[in-house]
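# Return atomic coordinates for the entry below.
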Amino acid sequence: MALPVNESFHWPEVAGVPRPSRLHPVDDRLNANAALARLRRGESLLYTGDWRNARQLLAALGRRLKPKGGVPARSAKEAFRAERQQRSREHALLSRLVIGLTPSLQIPLPNAPDLREPLRELLGPTEGRVVLPLRMLLGVQGAAGWTRSGVEVPGLKGRIHPRYGVYLPTRADYPELLLQATDLAAGKTVLDIGTGTGVLSFVLLQHGATRAVGVDLDPRAVACATDNAERLGLSAQFVALEGALYEAPLEAHLEGGRAELVVCNPPWMPEAPKTRLDRAVYDEDGAMLRGFLGGLSSHLAPAGRGLLLLSDLAVRLGLREPGWLESQFAEAGLVVERVHERAPSHPKARDPGDPLHEARAGEVTRLYVLRAG
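Numbering: from 1, shown residues only. Just a heads-up that it's a prediction; the model follows:
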């Protein structure tokens with residue numbers, strides 16, 4: 001029997017997909033083929049069996065949704081958009097396999113992990129029964145593991161402890177490139193736009209910067225960066241503020257709201273994000289990048305420098321024209337003082353089965369050192 005979703009069920013906005021209209025209880029007797037047929041009919045399946053079987057079912061569903069022989073396309077741009085559409089359809093479909101939590105946010109399934117602490121941190125106060133996609137709960141479980149163990153970062157003494165929904169700093173090319181500019185850090189103040197975990201600020205602080213202000217639109221990132229500063233013993237030198245670009249109350253922490261180094265590692269794909277987690281990678285029409293460049297000169301202290309970390313993957317996929325970035329520098333009145341670059345080290349760059357392999361294998365990430373013209 002289908003259960004109507006009424007006021008006793010809370011579907012948090014952070015789930016990132018539409019609220020189900022009805023929930024259909026299922027258990028360990030449901031096989032992947034039957035589940036896929038029901039999901040494709042638009043049903044939302046409330047899993048009530050064993051947690052391990054739920055995970056196996058989700059994995060089996062994912063395998064059935066993989067396109068056979070890749071995604072045919074005539075260009076890199078078409079391959080990218082076809083792959084993204086496929087991933088979006090897969091996400092929407094698989095997010096209909098859901099779990100009902102207790103009011104205390106316990107997962108009431110045999111062999112389920114205890115995710116109450118990270119869920120309370122993510123969701124805040126809730127009332128009644130919460131329902132969430134199994135896929136999201138697995139993401140929370142994975143992130144909780146990273147939060148406990150931390151991530152090693154090149155050039156950083158200590159580990160970064162990310163949280164669910166905050167970009168995981170596993171791409172070594174970004175901090176490795178930043179190390180090429182630490183000669184500029186000694187005795188300097190830093191403004192870190194889109195701070196995330198705070199990793200770029202912390203690298204610069206450990207290499208001579210005196211203090212740093214991190215700004216992020218997401219309150220989860222602000223909390224994450226603040227926690228990492230405490231873990232690294234940098235709380236006295238670092239503060240994280242919530243705000244978009246330069247709109248945070250900078251004057252309370254930087255003289256005149258200006259810094260001697262302004263650093264940014266913006267999303268590198270100029271496409272609309274489809275989910276909340278997409279925002280670390282996708283930035284529609286390059287709005288954040290253009291905002292960073294447009295406001296940079298007015299937020300640099302005298303003789304200050306801007307540090308921009310950016311991949312050229314969007315150009316290689318045909319999402320941006322060659323020379324687009326240089327035209328943005330000129331429009332913002334900025335001069336490129338020097339450039340450092342590095343080839344990608346992430347696994348997809350070495351995966352010939354990836355439909356975007358050619359573009360990813362040729363990808364170059366660059367650090368631009370900028371000054372006002």
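# residue ranges of the helices in the stretch 151-300 of the chain, please?
Using DSSP state H, counting those that start in this stretch, the helices of the stretch 151-300 of the chain run over 173-178, 199-206, 219-231, 287-296.
# would CSV of those with distance to Leu134 be doable?
From N, CA and C alone the C-beta is placed, and that goes for glycine too. Converted to CSV, the helices of the stretch 151-300 of the chain look like this (distance: least, C-beta to C-beta, whole Å):
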stretch, distance to Leu134
helix 173-178, 32
helix 199-206, 30
helix 219-231, 21
helix 287-296, 31
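# Quick one: closest of these to Glu78.
Judged by C-beta to C-beta, the one of these that comes nearest to Glu78 is helix 287-296, at 23.7 Å.
# Next, the buried residues of the next helix or strand after the closest one.
Tracing the chain past helix 287-296, the next element assigned as helix or strand by DSSP states H and E is strand 300-311. Residues of strand 300-311 classed as buried by neighbour count (16 or more other C-beta atoms under 10 Å): 300-301, 304-311.
# Out of those, which comes closest to Val199?
Nearest to Val199, judged by C-beta to C-beta, of the buried residues of strand 300-311 is Leu309 at 11.1 Å.
# The residue nearest to that closest one when sequence neighbours are not counted: neighbour count?
Using C-beta to C-beta, 6 or more residues apart in numbering and skipping residues adjacent in sequence, the residue nearest Leu309 is Asn265, 4.1 Å away. Residues near Asn265, counting by other C-beta atoms under 10 Å, number 28.
# so how far is Ala32 from Asn265?
Distance check for Asn265 against Ala32: by C-beta to C-beta, to the nearest Å, it reads 39 Å.
# Where do the domain boundaries of the chain fall?
Domain assignment of the chain by automatic domain parsing yields the ranges 3-145, 153-372.
# Okay, now the unreliable bits of the stretch 151-300 of the chain?
Counting by pLDDT under 70, the stretch 151-300 of the chain contains no low-confidence segment.
# rerun at 90
165, 167-173, 268-282 (pLDDT under 90).
# What about the nearest residue to Asp50 once chain neighbours are set aside, how many residues nearby?
Nearest in space to Asp50, with sequence neighbours left out and distances taken as C-beta to C-beta, 6+ apart, is Pro110 at 4.8 Å. As a burial measure, Pro110 scores 11 neighbours (other C-beta under 10 Å).
# isn't there a helix covering Pro110?
No - Pro110: not assigned to a helix; according to DSSP: H, G, I helix; E, B strand; the rest coil it is coil.
# do you know how far it is from Gly124?
28 Å.
# can you check Asn33 too?
In this structure, Asn33 and Gly124 are 38 Å apart, going by C-beta to C-beta.
# do the same with Arg55
Distance of Arg55 to Gly124, given as C-beta to C-beta: 26 Å.
# what do you get for Ala223?
Distance of Ala223 to Gly124, computed by C-beta to C-beta: 11 Å.
# same check, this time on Leu245
Leu245 is 25 Å from Gly124, by C-beta to C-beta.
# Compare those two (neighbour count), which wins?
When Leu245 and Gly124 are compared for neighbours, Leu245 comes out ahead with 19 against 10, by other C-beta under 10 Å.
# can you pull the contacts of the more buried one?
193, 215, 288, 291-292, 295 (C-beta atoms under 8 Å, 6 or more residues apart in numbering).
# again, only using 7 Å
Leu245 makes contacts with 193, 291-292, 295, as judged by C-beta atoms under 7 Å, 6 or more residues apart in numbering.
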